[in-house]
Structures are given as structure tokens and as C-alpha cells.
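Peer 1: generate coordinates for the sequence data below:
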Amino acid sequence: RGAVSDELSLLGYTVIGNLSGNSAHNGVTISGIADGRPVTIRNGNIYRFSGDGVSAVSSLANVILETVHISACESNGFLLERGIIKSCISSFNGDSGFELGFLMLDAGSIHIADSIAEGNNDRGIYVNNNSVITGCLAITNGAAGIQATRDVTIDNCAARFNTQWGYLTGFNAAVTNCVAAQNGDDGFNIGSGSGISNCGAYQNGDIGFDIGLGCGVSDCGARDNNAAGFEVGAASAISNCGATINGTDGFTLQSDTRIFNCTADGNGTDAAANPTPAGIRSVSDCIIDSCHVTDNDIGIAATTGTLTVRCSAAGNSVANYEFAPGAEYGAIITASPGFTSSNAWANFEF
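Peer 2: The predicted structure follows:
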């Protein structure tokens, strides 16, 4: 015999609380079900409760929430331990829009898809480890737009106008096809051991991409962020990325990092920044390979132990290349019409 499904359909109606009394009342509370039957809530609105909009914090499995809109509750919009959330909205609640997988040991295992968190007082979407976020929008929330602990996947999402970070994760995250714009802090603040690809950060209040140790970053762009475009932790790899008109450095590299085939243009718009901003700035034991730096304050600023090869620089206002004693680099060749060179490792300026 197939499993029995417990379902609550709101039939498009709105359930309204009155925000009164001394104790918190949830719009919907789901208790534990001993035989693990799936529980579904769909198709309606929950408004103005003194607790959470939907609270499902027991050891439930297979909780499904579809097309539910929660707004103006005094606590969280959705408080859930594990399950699936699809096409839901959580707006203008007193705590987080979605707080998922935190009240039980080793919870998590959430999939939230095609949902919106807007104007919540704390985080927009907040998930525990082993969770997946796809196709979601977090806008004008009071802390991070999308926040996650470790071992999470975030894909095809947008975070804009949040008071703090656009995205904030622990280690071992996979973040792809996402955008962060005009958030108050970093666009992306991503933990160590993570992979970030095909993402964009625009006009965030601090760093565009603030990335931890041992990360891979590819095919990303950072434009007009208040601080650095990319600040990348030690032992990381960056490829095919662009940084333009950010306030300080285009790329700031910590030790043992390799940057390949990247472009930095017009960085250093913060006139008071110290040290003088660079298109690419490195610490020791980095490799800067096949990059192009134009119209920054300094093109490439490399410290002792950094190797710079096959790069090109033009129009940087202070210096195209600034190499500290002990930095290693290919010959710097000034290009002219019709020039030739047989040096495969040379750097160029023009």
C-alpha cells in the first residue's frame, strides 16, 4: 500500500492572525508524525501572526511547502527542519524570511527553489548544512540576503539591497550563476574550500568577492564595488575573471594563489585607499599568468616570491608593473608597431 499523504491546501485564502496576547502563535504548526508520512502545505497566504508563519521543527521528513506566501509575522516566515520549499514568498517578517534546518542536531537537508525573501528584519534565506538553494531572490533584508553553513549548493540566485552580505557561506560551498548587487557589505563572502563560477558582484558596499582559503573562482565579474573586486584566500585559483572600477584593488591575492587569464581595468577609484590600489596585488608565492591590466593606479603589484609571466599592461597611472625585491618576472617589453619577441614568458606594456 502506498504512503498516505497529509495535505493542507489553503485554497488561495489568507489566514490572518491578530498579533495580540503574551505568547507567540504560529500561523501553521506541524507536529511530528510517527510513521514519517509526507506533509504538504500549499496555495495560500499567512499574515500577521505573533510567532512564525509556518513552524515545522520536529523530526519530520518529506515536508513540502508550495506556493505559500507569509508576511508580517513577528518571528520567522518559514521555520522548517528538513524538506522541500517551492515557489514560496516570505516578506516583511520580524526575523528571517526562511530559517531552515537549525533546531535539531545534524539537521539541514533542505531544498528551497524559486522562492523570494523580501524585506525581512533579519536574514532573507538561512539554511543549515547539506542544503540546496536554486532560483531564489533575496532583496532588502536586514542582514544577509542568502546565508548558509557548510556543504551547500547555491545556483541561479540573486541578492540585492540587503543590509549586510549578498551571500554568506561556510566552507565547502558551490556557488554558480548568481548575482549580488548593491548589498551593504560584501557581495559574496564564501568560506574555504568552495567553488564559485559564473557569478557577478556589482556596487556592493565592501568587497565584491571575499573568498576563503583553497577556493576555485572562474568566469566571474566584479564591478564598482566599494573595496576590492576580488579578495581571495591562500592556495586558491582564479581564472577568466574581470574586475573593473572597484574602489581598491581589482584582485587581492593571498599567498600560494594562481591567477590566470584575468582582466583588471580602472580599479582604484577610492582616492584615500592605502596602499595605492592595483589591478592585481599579490602576497608571496603567487603566480600571475596571462593577465591584462589597464587604467588602474598600479597595474600589477607583486611581492617577494611572486612569479609574473605573459601579462600585458597599459595606461596605469602610477606604474604598469611594481615588483618588490625578490619578485620573479618575465622580461618587460615595451610594445611598438610591428614588434616581435621570441620570449614566451615576457610581459608587455604599451
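
Peer 1: got the buried residues for the lowest-mean-pLDDT helix or strand in the chain?
Peer 2: Within the chain, no helix or strand scores below strand 6-9, which has a mean of 82 by mean pLDDT, DSSP states H and E. Buried residues in strand 6-9, defined by neighbour count with 16 or more other C-beta atoms under 10 Å: L8. Any C-beta I mention is one placed from the backbone N, CA and C, and that applies to glycine too.

Peer 1: for it, packing partners?
Peer 2: strand 39-47 (3 or more C-beta pairs under 8 Å, 6 or more residues apart in numbering; DSSP states H and E).

Peer 1: just checking, next helix/strand downstream of the strand it packs on?
Peer 2: Later in the chain than strand 39-47, the nearest helix or strand by DSSP states H and E is strand 54-56.

Peer 1: what pairs with the least confident helix or strand of the chain, parallel or antiparallel?
Peer 2: strand 39-47 (parallel) (DSSP bridges).

Peer 1: quick check, distance from the strand it pairs with to the centre of its chain.
Peer 2: Relative to its chain's centre, strand 39-47 lies at 29 Å (C-alpha atoms, centre = their mean, to the nearest Å).

Peer 1: repeat that for stretch 279-289.
Peer 2: 23 Å.

Peer 1: end to end, how far does that stretch reach?
Peer 2: For stretch 279-289, the first and last residues are 13 Å from each other (C-alpha to C-alpha, to the nearest Å).

Peer 1: follow-up on the earlier one: list of residues touching the very next helix or strand once past the least confident helix or strand of the chain?
Peer 2: Using DSSP H and E, the next helix or strand after strand 6-9 towards the C-terminus is strand 14-16. Applying C-beta atoms under 8 Å, 6 or more residues apart in numbering, the external contacts of strand 14-16 come out as 27-28, 44-48.

Peer 1: can you count the residues close to the nearest residue to W345 once chain neighbours are set aside?
Peer 2: Nearest non-adjacent residue to W345, counting by C-beta to C-beta, 6 or more residues apart in numbering: G330, 3.6 Å away. Neighbourhood size, G330 [other C-beta atoms under 10 Å]: 17.

Peer 1: my guess is G330 meets S312, correct?
Peer 2: No - assessed by C-beta atoms under 8 Å, G330 is found out of contact with S312, at 11.4 Å.
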